[in-house]
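Peer 1: Got a sequence here, can you build the structure:
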Amino acid sequence: MEAESRYHPGAEQIALADTMDESLATLLPVSRLHESVVEDVQTWSNLEEIGMFGIGVSEERGGSGLGAAEESLIVMGLGRRLAAPAVLATIGATHALAREGPIDLGSRKVAAAYRRGDRIIVVDDPATDLMLVRDGTGAALHELNDATPMQVDHRLWLANLRTVASLGEPLARFGAAQLLRLRLIDAAVLAGIAEATLDMSVAYAGMREQFGWPIGTFQAVKHHCANMAIAARCARDQTSFAAVAVDEQREDAALQVESALFVAGSAALGNAAKNIQIHGGMGFSDEADPHLFLKRAQLVMTIAGGLDAANERVANVRVGG
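Peer 2: Next up is the predicted model:
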């Protein structure tokens with residue numbers, strides 16, 4: 001009898017991710033981003049200690065050997081807490097393939113980077129000496145050398161940016177299967193942002209009062225929160241569905257992953273914007289948290305190639321023969 005297809009992660013997979021998420025809640029308070037846009041040395045060390053950079057690495061290579069489903073659920077937690085792009089790039093880089101097989105990063109850290117026209121834009125992080133470069137159609141791992149700072153206020157992007165004039169030969173590349181894992185990580189981060197901004201909005205709408213009533217009782221705010229809840233749920237479910245499709249090597253896995261990136265990206269950007277609106281004037285203030293989520297969603301989506309490119313891949317992906 002043919003095995004029944006699964007559509008969502010199992011209870012054990014969810015429980016494992018929840019356990020990891022409890023640690024992340026302590027390690028990555030969102031308030032830290034008001035002090036620095038990168039993770040400090042202690043945070044990197046703590047993430048290594050809980051095995052964050054080995055979740056997708058095989059047990060033979062010293063990792064946890066977890067599948068795409070567990071990885072995506074754990075990365076959603078990183079998204080909810082706005083983990084630095086370098087943390088996500090380092091996790092993604094563990095899927096790269098060198099000539100002799102999967103690359104061994106050891107304790108090296110990886111910066112996120114993307115191609116913009118003739119330039120390579122690097123999301124600067126002093127802890128990194130490698131970079132994961134995305135160019136819309138592929139990705140590769142390179143040494144990070146001779147980068148020039150860009151004159152961009154880090155508060156606009158929630159990141160310090162640098163440019164690299166040229167690239168040498170890559171240390172490792174990403175085939176079609178590995179590229180899907182990268183995009184699944186992107187989708188999971190964005191799904192996490194969509195969930196976090198929903199929770200922020202609901203909490204604020206329940207405590208902020210106008211005319212003697214919580215603003216959450218007003219119809220316009222209710223509608224915003226309801227739409228945000230639908231968007232966040234769709235993002236999480238589509239991303240989880242795509243992760244299971246990858247683990248089961250289904251023929252529609254590429255379609256599901258590309259759809260997850262588009263759905264989660266749309267949800268993250270939309271929910272982050274509505275979160276600012278619900279917070280009113282405070283949502284725009286530098287001292288508050290809402291703007292951090294919108295800026296990070298924009299940065300993650302830019303690194304991933306943008307919503308238009310994701311939408312085009314959904315339209316053009318081939319399923320089966």
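
Peer 1: And the strands in this protein, which stretches?
Peer 2: 97-98, 101-102, 110-116, 119-123, 130-134, 139-143, 147-149, 161-164, 172-173, 209-210, 213-214 (DSSP state E).

Peer 1: Which parts of the third one count as buried, going by neighbours?
Peer 2: By that I understand strand 110-116. Within strand 110-116, the residues that qualify as buried by neighbour count (16 or more other Cβ atoms under 10 Å) are 110-115. Bear in mind the C-beta positions are built from the backbone N, C-alpha and C, glycine included.

Peer 1: other SSEs contacting that strand?
Peer 2: Packing partners of strand 110-116 (3 or more Cβ pairs under 8 Å, 6 or more residues apart in numbering; DSSP states H and E): helix 85-93, strand 119-123, strand 130-134, helix 290-303.

Peer 1: and the strands of the chain, which one's lowest on average pLDDT?
Peer 2: With a mean of 68, strand 209-210 has the lowest mean pLDDT of these.

Peer 1: Select the longest helix from the chain.
Peer 2: helix 176-207 (DSSP state H).

Peer 1: Need the nearest residue in space to the spatially most central residue of the chain, chain neighbours excluded.
Peer 2: Centre of the chain computed as the mean C-alpha position; nearest residue by Cα atoms, centre = their mean is V189, 2.5 Å away. In this structure, V189 finds its nearest non-sequential neighbour in G79, 3.7 Å apart by Cβ to Cβ, 6 or more residues apart in numbering.

Peer 1: so what's that neighbour up against?
Peer 2: Applying Cβ atoms under 8 Å, 6 or more residues apart in numbering to G79 gives the contacts 188-193, 195-196, 268, 300.

Peer 1: re the thing from before, redo the helices and strands packed on strand 110-116 as TSV? Include distance to G54 and mean neighbour count.
Peer 2: Shown next, in TSV, are the helices and strands packed on strand 110-116 (distance: least, Cβ to Cβ, whole Å; neighbours: other Cβ atoms under 10 Å):
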stretch	distance to G54	mean neighbour count
helix 85-93	9	26
strand 119-123	22	23
strand 130-134	17	26
helix 290-303	22	22
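
Peer 1: show me where pLDDT drops low in this structure?
Peer 2: By pLDDT under 70, the low-scoring segments of the chain are 1-5, 209, 215-216, 320-321.

Peer 1: Could you check how far A273 is from D237?
Peer 2: 21 Å (Cβ to Cβ, to the nearest Å).

Peer 1: swap that for R208, please
Peer 2: 30 Å.

Peer 1: Quick one: residues contacting the residue nearest to N311 when sequence neighbours are not counted.
Peer 2: Spatial nearest neighbour of N311, excluding adjacent residues (Cβ to Cβ, 6+ apart): F262 at 5.5 Å. For F262, the contact set (Cβ under 8 Å, 6+ apart) comprises 307, 310-311, 314.

Peer 1: And for P9?
Peer 2: By Cβ under 8 Å, 6+ apart, the contact list for P9 reads 17, 69-70, 73, 240, 243-244.

Peer 1: try 6 Å this time
Peer 2: Applying Cβ atoms under 6 Å, 6 or more residues apart in numbering, one finds that P9 lies in contact with 69, 240.

Peer 1: and what of the one 5 residues further on?
Peer 2: Residues counted as contacts of I14 (Cβ under 6 Å, 6+ apart): none.

Peer 1: so the closest residue to P85 other than its chain neighbours bridges to which residues?
Peer 2: Once flanking residues are discounted, P85 sits nearest to A112: 3.8 Å by Cβ to Cβ, 6+ apart. Using DSSP bridges, the beta-bridge partners of A112 come out as L132.

Peer 1: before we move on, the earlier item: would you mind measuring from the residue nearest to V189 to P214?
Peer 2: For G79, the distance to P214 - Cβ to Cβ - is 28 Å.

Peer 1: Kindly report the same for R162.
Peer 2: Here the criterion is Cβ to Cβ. By it, R162 lies 45 Å from P214.

Peer 1: repeat for Q151
Peer 2: 44 Å.

Peer 1: Of the two, which one has the most company?
Peer 2: The residue with more neighbours, out of Q151 and P214, is P214; 14 against 5, by other Cβ atoms under 10 Å.

Peer 1: Which residue is the nearest non-sequential neighbour of the more buried one?
Peer 2: Nearest residue to P214, sequence neighbours excluded (Cβ to Cβ, 6+ apart): G206, at 5.6 Å.

Peer 1: Also M301?
Peer 2: G265 (4.9 Å).

Peer 1: Does that neighbour touch G306 like I think?
Peer 2: No. With contacts counted by Cβ atoms under 6 Å, G265 stays clear of G306, the gap being 8.3 Å.

Peer 1: Hmm, the residue nearest to the centre of the chain is touching M301, no?
Peer 2: No. Applying Cβ under 6 Å as the test, V189 and M301 come out as separate, 9.6 Å apart.
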